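J.: Provide a 3D model corresponding to the input given below.
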Amino acid sequence: MNKEIRKKIIQVCNEKIAKKGENVGLSFYAFFKNKNENPKLLMEVATWWI
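T.: Numbers count the residues shown, from 1 in each chain. Modelled structure (predicted):
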């Protein structure tokens, strides 16, 4: 996984945890503005997430 998306994932997760607590649910779609903006990267993250 590239460094840019890894940084974004950590940022989004940290923000969600800070706002809603450690038991917050999070979908990998949260890392994308639009789920179709980069289908190859979306599938890479989805595969990692699962």
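
J.: what's the local residue count around residue 16?
T.: Residues lying near residue 16 (other Cβ atoms under 10 Å) number 15. For the C-beta atoms, the positions are set from N, CA and C on the backbone; glycine is no exception.

J.: same question but for residue 14, I mixed them up
T.: 10.

J.: state the distance from it to residue 1.
T.: 17 Å (Cβ to Cβ, to the nearest Å).

J.: can you map out the helices along the chain?
T.: Assigned by DSSP state H, the chain shows helices spanning 3-20, 39-49.

J.: among those, which is nearest residue 29?
T.: Nearest of the helices of the chain to residue 29, taken as Cβ to Cβ: helix 39-49 at 8.2 Å.

J.: CA atoms only for the closest one, dumped as PDB, please.
T.: Taking C-alpha atoms only, helix 39-49 is exported to PDB below (Å, rounded to 0.1, in the frame of the first residue of the first chain):
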ATOM      1  CA  PRO A  39     -10.900   1.900  -8.500                       C
ATOM      2  CA  LYS A  40      -7.500   0.300  -8.400                       C
ATOM      3  CA  LEU A  41      -6.600   1.900  -5.100                       C
ATOM      4  CA  LEU A  42     -10.100   1.200  -3.700                       C
ATOM      5  CA  MET A  43      -9.700  -2.500  -4.400                       C
ATOM      6  CA  GLU A  44      -6.200  -2.500  -2.900                       C
ATOM      7  CA  VAL A  45      -7.500  -1.000   0.300                       C
ATOM      8  CA  ALA A  46     -10.500  -3.200   0.300                       C
ATOM      9  CA  THR A  47      -8.400  -6.300   0.000                       C
ATOM     10  CA  TRP A  48      -6.100  -5.100   2.800                       C
ATOM     11  CA  TRP A  49      -9.100  -4.100   5.000                       C
END
